[in-house]
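> Here is a sequence with its predicted model. Questions after.
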Amino acid sequence: MTPNIQYLTELESTADTPTMESTQNSEFVVTIAGDREVDAVSAVAGAEQIDATNNEESTTFTKRKRKKTSGVWEYFRLVKLLDGTDLCECIHCGLKIKKFKKGITTPFHRHVGDCPKIKAVNKDSDFKLHKCILNFVDVPPPYSGVCIYDSLFKCLKEWNIETKVTTLTVDNVKTNDVVVRKLMENLNLQKKLVVGGKLFHVWCCAHILNLLVQDCLGEIEDIIHNVRESVKHVNAYPG
């Protein structure tokens, strides 16, 4: 259907036909099918927006890199040679394999299954830590290092694990130094300790941190006491 075009003037004219001046000052309105009015300015702006959208669609976009989901990338890293060639290097043995553009990972899977160093790492990762309490022992006073050592070694003998002990974790008390020394001397006679017992004595990190904190708090002991007393006074005040 052909749209009807009308000129609406701001100034009333006595003549039936609008003058040139009134036409120049008129508002341009397009009436379509007699039921709907569309602002010409909005129509022009919409056309410009469509053109801009078409121009944006015609521009080339950079291709997003595909996320690596294969498990082989846990064992390989990407390296680039001086000539620009992309290779994949095994993290464990250093073997370099050419990277395929289509994302083929079959050679990488084959290497993961054949690499002896990867096999060794996967075999150590099969180790599972089990935690259990074997016994509670009441050690009568005096709490000397010899008494604690006798009680500990007796427990190890009862469970038949005296030759399977790897490390001993204790807090930083001089009495425990005696326990560690005597137990190491006994186990070293059987040559069952790793690297000659150099890793046997493990100091408790939590106890070390506690000692550091207590030492720092000792420097501001008076301030802490005043703050605590102030809080007690405020809490006890009825108001």
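Ah, there it is. Residues are numbered from 1 along each chain as shown.
> Just the pLDDT at the spatially most central residue of the chain, thanks.
Centroid check for the chain by C-alpha atoms, centre = their mean gives Glu74 as the closest residue, at 15.9 Å. Confidence at Glu74, expressed as pLDDT, is 85.
> got any ranges where the protein has weak pLDDT?
For the chain, residues meeting the criterion pLDDT under 70 lie at 1-68, 125-127.
> where do the helices sit along it?
With helices called from DSSP state H, the chain shows them at 20-24, 40-58, 106-114, 116-124, 145-158, 174-189, 205-219, 221-236.
> For those helices, could you give me JSON lines that also reports mean neighbour count and distance to Ile133?
In short, each C-beta sits where N, CA and C put it, glycine included. Output for these, formatted as JSON lines (neighbours: other C-beta atoms under 10 Å; distance: least, C-beta to C-beta, whole Å):
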{"stretch": "helix 20-24", "mean neighbour count": "11", "distance to Ile133": "99"}
{"stretch": "helix 40-58", "mean neighbour count": "10", "distance to Ile133": "68"}
{"stretch": "helix 106-114", "mean neighbour count": "14", "distance to Ile133": "40"}
{"stretch": "helix 116-124", "mean neighbour count": "12", "distance to Ile133": "26"}
{"stretch": "helix 145-158", "mean neighbour count": "15", "distance to Ile133": "11"}
{"stretch": "helix 174-189", "mean neighbour count": "16", "distance to Ile133": "19"}
{"stretch": "helix 205-219", "mean neighbour count": "10", "distance to Ile133": "18"}
{"stretch": "helix 221-236", "mean neighbour count": "10", "distance to Ile133": "36"}
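> Throw the ones you listed into JSON lines and include distance to Leu78, thanks.
Shown next, in JSON lines, are these (distance: least, C-beta to C-beta, whole Å):
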{"stretch": "helix 20-24", "distance to Leu78": "69"}
{"stretch": "helix 40-58", "distance to Leu78": "33"}
{"stretch": "helix 106-114", "distance to Leu78": "12"}
{"stretch": "helix 116-124", "distance to Leu78": "18"}
{"stretch": "helix 145-158", "distance to Leu78": "50"}
{"stretch": "helix 174-189", "distance to Leu78": "47"}
{"stretch": "helix 205-219", "distance to Leu78": "38"}
{"stretch": "helix 221-236", "distance to Leu78": "55"}
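> So which of the ones you listed is nearest Val195?
Nearest to Val195 among those is helix 174-189; the distance by C-beta to C-beta comes to 11.2 Å.
> Give me the angle between that closest one and helix 145-158.
40 degrees (axes from the mean of the first three to the mean of the last three C-alpha atoms, to 10 degrees).
> Other residues contacting helix 174-189?
Applying C-beta atoms under 8 Å, 6 or more residues apart in numbering, the contact partners of helix 174-189 are 143-146, 148-149, 152-153, 162-163, 165, 168, 170, 193, 196-197, 200-201.
> Would you mind giving the domain segments of this protein?
With domains defined by automatic domain parsing, the chain comprises 4-58, 71-124, 145-203, 207-236.
> end-to-end on the longest one?
Chord length of domain 145-203, first to last residue, is 16 Å (C-alpha to C-alpha, to the nearest Å).
> likewise the shortest one?
Start to finish, the residues bounding domain 207-236 are 35 Å apart (C-alpha to C-alpha).
> Could you shift the numbering so residue one becomes 21, and keep it that way?
I'll keep to 21 as the first residue from here, and by that count the last item is domain 227-256.
> tell me the contacts of Pro136?
Applying C-beta under 8 Å, 6+ apart, we find Pro136 in contact with Cys113.
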